[in-house]
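1. sequence plus predicted model, see below.
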2 protein chains.
Amino acid sequence: MPGSVFAFLNGFGQQGWADMSIMNIEVLAGGKRYRFQSEAGTSLKDCLLKAGILEGAECGGRGICGKCAVKVRSGTLAPVEGDESFLMTRGDGKVLACQSLIREDVVIEISAGRDDVRRKVRLPNLQKEKKYSDSLIEKKFIQLSKPSLRDQASDLERILAQVGKNKKVAFSLLGGLPEIVRKADFEVTAVLVEDELIAVEPGDTHALRYGFILDIGTTTIAVYLVDLLSGEVLDADGTANPQRVFGADVLSRITAAAGRENLEKMQAVTIKGISETMRGLLRSLSIDENHVYSVVAVGNTTMSHLFLGVDPKNLSVAPFIPCYRPRTVVKGGRLGLPMHPEGTVHVLANISGYVGSDTLGVAMATKLWEQKGYSLAVDIGTNGEIILGYKGWLLACSAAAGPAFEGAHIQNGMRAGDGAIESVLLENGTVRLGVIGDMPPQGICGSGLIDAVAELLRCGLLGVSGRLAGEKSPALSQPLGGRLRTVGGMREFVLAFAGEQGNERDIVITQKDIRELQLAKAAIAAGIAVLLKEVKIEASQIDRIYLAGAFGNYLDREKAVALGMFPGISVDKIIPIGNAAAEGAGLCLLSLGERKMADRIASFVKPVELSTHVEFNDLFVREIGFPPLGGKGAS
Amino acid sequence: MPGSVFAFLNGFGQQGWADMSIMNIEVLAGGKRYRFQSEAGTSLKDCLLKAGILEGAECGGRGICGKCAVKVRSGTLAPVEGDESFLMTRGDGKVLACQSLIREDVVIEISAGRDDVRRKVRLPNLQKEKKYSDSLIEKKFIQLSKPSLRDQASDLERILAQVGKNKKVAFSLLGGLPEIVRKADFEVTAVLVEDELIAVEPGDTHALRYGFILDIGTTTIAVYLVDLLSGEVLDADGTANPQRVFGADVLSRITAAAGRENLEKMQAVTIKGISETMRGLLRSLSIDENHVYSVVAVGNTTMSHLFLGVDPKNLSVAPFIPCYRPRTVVKGGRLGLPMHPEGTVHVLANISGYVGSDTLGVAMATKLWEQKGYSLAVDIGTNGEIILGYKGWLLACSAAAGPAFEGAHIQNGMRAGDGAIESVLLENGTVRLGVIGDMPPQGICGSGLIDAVAELLRCGLLGVSGRLAGEKSPALSQPLGGRLRTVGGMREFVLAFAGEQGNERDIVITQKDIRELQLAKAAIAAGIAVLLKEVKIEASQIDRIYLAGAFGNYLDREKAVALGMFPGISVDKIIPIGNAAAEGAGLCLLSLGERKMADRIASFVKPVELSTHVEFNDLFVREIGFPPLGGKGAS
């Protein structure tokens, strides 16, 4: 009741609008349906901004840029200026949200929104195997006995009587407890996280319980929002790791984090980037951050250290000693993440200085130790983490691939977001590009780069040594040859000339880009070779290889083989599994049993240190070139 | 080494002093010996301020006020102005610290310092019964194995290997761990608080472990610093409760704390006052606040709520429901107290809305339930807490006495600090005053007030109804009669005319002061009477009565009987026990067993609600007057 009176006064004062009733707004966007309510007389643009469906207009809401155009499916909107015709000045049957006011229930459709950005992260299926019931997040709706002179028990005791007398209690919940209990007329929901009473919420909120998976990569951070009741991944988003301004690889990050102040700065930018991504997801689904009770984070050992504000400097010098390895638990409020401050953040265990909790996540998702024969799991990122499982044993290493697979340090590289070329096909003398978001290309992401290089190889424009065809090469006589040129002394292949696909500038693959990719794939191939040597087997003895990657740019297994990333292993043994690190973290988010299993596995995996390995450099150099016959000769 | 270079440059730049060596300063003050070091050329006043031995000069260090006068026992000081004679201008053989510079090792003596203020709090003896070994504060000096490529265990694991692999770890210790471990060459001390590894300190610090007892009274807060290794109370200090500006009693505090913002303000001033007192004690013994690992706090239920920032509003209206009763544990960092942020603060359990954890402390110190016959314990403060133990049962109530016993709301009242009249003797027509700190009186504290009123009664200048002798009373003919006068329509007795004892103004006891004291003592007497009625016994059946009080103004048992505070109970059954609430809290600081016992006792004591008790008001009115024959007729 006080709410509606306030809304009336507020609305009346601001808008002078006569009808103060609340309207239902339904929005279809990016395959999702959003429902919310708004007062009549409110700007549709403001509603959409508040709900996080629109991200702001370039013209500031002056009806110019057209970014807020929507299609009205049912109901009508009122014009801001009083002139109904102004709403319909567009030829495409759409109206501008910034020029429209809510006047009745409406259903509208938005074709391009922020949602499209999100397709770059695929959602792992956390319940394909089984449904977990041991997440240790409990919510219980309880009706409390009311106090009297004969029953002077405290508010807290009334709650504990129903959830367990000896539960640990987070002191912070006491502050507002008397008011919550009385405003809700003694009907509340108790929130227990890992056996501690952390919150008391008014009314029945038992179904509202959420968690996040954070996959903190050196180049990119992936964030997944999980419904802890159903186990479903509701949505996901990615962001560039804000630490990138301090350098592309873990060594430069460690250098930049020297000294307490720099370390704190590094942690702060990381937490900020993650928090903003988390908030965006929460906003888009209208979820209150206080209903987020649990987070599981994974990353390489340096990323985990920096996320927790822990000095990583000894990771950069032999003998590469981490500050901590075991799983670390910290309350959300200590890290400042948008979640219940008494909720828990679990950073899974590191395996060694260079094999992090992300690798543990891959192990948990693939359960390699349960499989027959020899299995490999390879997680492609700035570091390529490789696990070999055989006869109940697990070995792991981490190969420094660099950021090429994520589209970074590439001349026209970009993250796998809107406008990124994600696939390339060279046929009949033309270039066919697949672009994320159905728009003119703006750059190329990791999978686009891999596609392009594999196609250049196939067409003979690129030699097995990794050199683009020279100015006198006979290969230049084919129709695509005209796209090869030399700029500033370096050869490059033009994927799209300016204007060719609506793009503003030329988009090219340079000789240097190809070299970056060669280093990356050679690091992976050499890492695999080292593990095979450790257990004294040949590549042909591998029974299966799981191919994991954090982002939309999942490697096409044919292309990976064509580039020689997995020498000696045939294509049919490669099983793409999406973001396994996040999936494994997700299992640990949903289940105490999985968490405990992960703790055991972490101390059980044998890490193999590549940087000091006697054969690694030889193997690396051997794998720098591309395989003849697109890698098919070796299977 | 870097320290001394810095000191050299710094000293040279600022002072132009040639000799930069470090001198030893020894200070004798208030029966204590302080030792510290300082650079030659530093002002002695600055040294003493920094060490917390001086509290600042009134003249700002211009050599005028004389507050910083010290006696040099050995060594010599250099004059600030270059003129040696300036140091010696005082006739008492003392020099002014503000006019002196350190030039060699010296021993100095300070006769009046801040230390004198502290005698108002007596130190409880926590180990009179037994020595506890279950404080759950452990410190272990460990020598760690050094890492190599063959032993890549993390820093944390090296520590856990020696203190227990499955210990909980406070994540905050990870931040600086690598640096601490290496700077200390892998020799560190692990700190475990309640089975959680909360800190790793360089070198061997196993003996440095401290705790605090906080006794949070409505009017005054007492703070005790405890050595957790020996169990000794090292020092104590008191401060006026900073909430007093919001009102004298708990009801006005509850009113002032309405609304989140006011509640937070109220908590903040409380924490600030307590923190400053804690810091003063730490500074005077040169103890690092990071070596304080545990705090136990007691107070009445409203004080406990406000200390924790918990809304106390339902305590002010029937049925007087506290937000919480059970013991609450919170990390020091959450409250912002000067202690290790991961150390624990235990706020002992409340018994009911008006019987708080301070009463539980008294119960723990007296162990009434173990005693034969009927025992009473009475804790005198703004509220008089009364416990009755008989045949294994415990009853408790809290009587609102008001702040008179603590010298507040009294015309010339003051806390029991320097300058407070703490005892009064009227004999041979003269007034003999005992003043704290051997200085001219500035006001009167609670024990002085009680003494004065008992003496006025004895001399016949005060009637049993509580009226001071009127202007026509024959009592005025005695020599002291000249000290009775009427000012602004109110009668008052002059304890000291201005100048009589070096005091600047008249110090008086007014009729209103006496009424305040009558209300206070009647509340206690009526509270005792209610408990006796609850168990259906007479006062004469009481076997012993423990008389507790937080401050130096411990009631003189003869005087308490003279005022009729314990009607029907003879003087020889009264056992003064000092600050029992703090002592009980101290037992819980030293021992997990005592803490658990206190939890059990809290739920076992039967609280008796006085404000709604049918007979309390009648009994209160009956006890307003003073007993004839100084109370001796009733024993």
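-> Nice, thanks for sending it over.

2. now stretch A:537-548: mean pLDDT?
-> Across stretch A:537-548, the average pLDDT comes to 94.

3. start to end distance for it?
-> 23 Å (CA to CA, to the nearest Å).

4. show me which residues of the stretch 201-350 of chain A are close to chain B?
-> A:260, A:263, A:308-311, A:313-314, A:318-326, A:328-330, A:334, A:350 (CB under 8 Å from any CB of the partner chain). No exception for glycine: its C-beta is placed from N, CA and C like everyone else's.

5. out of these, which are inside helices?
-> Using DSSP state H, the members of those that fall in helices are A:260, A:263, A:334.

6. what's the PyMOL line that selects buried ones from these?
-> Typed into PyMOL, the next command selects the buried ones out of those (criterion: 16 or more other CB atoms under 10 Å in any protein chain shown):
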select buried, chain A and resi 263
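
7. just put the ones in helices among the residues of the stretch 201-350 of chain A next to chain B in CSV and tack on pLDDT.
-> Output for those, formatted as CSV (pLDDT from 0 to 100):
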residue, pLDDT
A:260, 91
A:263, 95
A:334, 94
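
8. what residue in the stretch 351-500 of chain A comes nearest to chain B?
-> Minimum separation of the stretch 351-500 of chain A from chain B (CB to the nearest CB) falls at residue A:352, amounting to 6.0 Å.

9. emit the PyMOL select command for whichever of the residues of the stretch 201-350 of chain A next to chain B are buried.
-> A single PyMOL command selects the buried members of these (16+ other CB under 10 Å):
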select buried, chain A and resi 263+308+309+310+311+313+314+319+320+321+322+323+324+325+326+328+330+350
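
10. what about the residue in the stretch 451-600 of chain A that chain B sits nearest to, neighbour count?
-> Minimum separation of the stretch 451-600 of chain A from chain B (CB to the nearest CB) falls at residue A:599, amounting to 10.3 Å. Residue A:599 has 16 neighbours, counted by other CB atoms under 10 Å in any protein chain shown.

11. do I have it right that it meets residue A:350?
-> No: contact criterion CB atoms under 8 Å: residue A:599 and residue A:350 do not qualify, at 11.6 Å.

12. returning to that earlier point: which of the three states applies to the residue of the stretch 351-500 of chain A closest to chain B?
-> Under DSSP: H, G, I helix; E, B strand; the rest coil, residue A:352 falls in the coil class.

13. pretty sure it sits against residue A:301.
-> Yes: contact criterion CB under 8 Å: residue A:352 and residue A:301 qualify, at 7.1 Å.

14. for those two, indicate the residue with more neighbours.
-> residue A:301 (30 against 25).

15. can you read off the pLDDT for the more buried one?
-> What the model reports for residue A:301 is a pLDDT of 96.

16. return the residues in contact with it.
-> A:312, A:315, A:322, A:350, A:352, A:353, A:354, A:355, A:356, A:357 (CB atoms under 8 Å, 6 or more residues apart in numbering or on different chains).

17. what does residue A:430 give?
-> Per CB under 8 Å, 6+ apart, neighbours of residue A:430: A:479, A:480.

18. can you turn the buried part of the contacts of residue A:301 into a PyMOL selection?
-> In PyMOL, this line selects whichever of these come out buried by 16+ other CB under 10 Å:
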select buried, chain A and resi 312+315+322+350+352+353+354+355+356+357
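
19. domains of chain A?
-> Domain assignment for chain A, taken from the TED database, gives A:22-110, A:137-202, A:210-347, A:372-634.

20. wait, which of these is closest to residue B:611?
-> Comparing the domains of chain A by their distance to residue B:611 (CB to CB), the top pick is domain A:137-202, with 10.4 Å.

21. that closest one spans what distance, first to last residue?
-> Start-to-end, domain A:137-202 (CA to CA) is 18 Å.

22. list the helices and strands the helix or strand encompassing residue A:73 packs on?
-> Using DSSP states H and E, the element containing residue A:73 is strand A:69-74. If you count contacts as 3 or more CB pairs under 8 Å, 6 or more residues apart in numbering or on different chains; DSSP states H and E, strand A:69-74 packs onto strand A:95-96, strand A:106-110.

23. overlap of the contact sets of residue A:352 and residue A:301?
-> Common neighbours of residue A:352 and residue A:301 (CB under 8 Å, 6+ apart) are residue A:322.

24. hang on, residue A:233 packs against residue A:222?
-> No: counting by CB under 8 Å, residue A:233 does not reach residue A:222; the two are 11.1 Å apart.

25. any common contacting residues for these two?
-> Counting by CB under 8 Å, 6+ apart, the residues touching both residue A:233 and residue A:222 are residue A:213.

26. need the contact list for the residue nearest to residue A:515 when sequence neighbours are not counted.
-> Nearest residue to residue A:515, sequence neighbours excluded (CB to CB, 6 or more residues apart in numbering or on different chains): residue A:466, at 6.6 Å. Shown in contact with residue A:466 (CB under 8 Å, 6+ apart): A:514, A:515, A:518, A:624, A:625, A:626.
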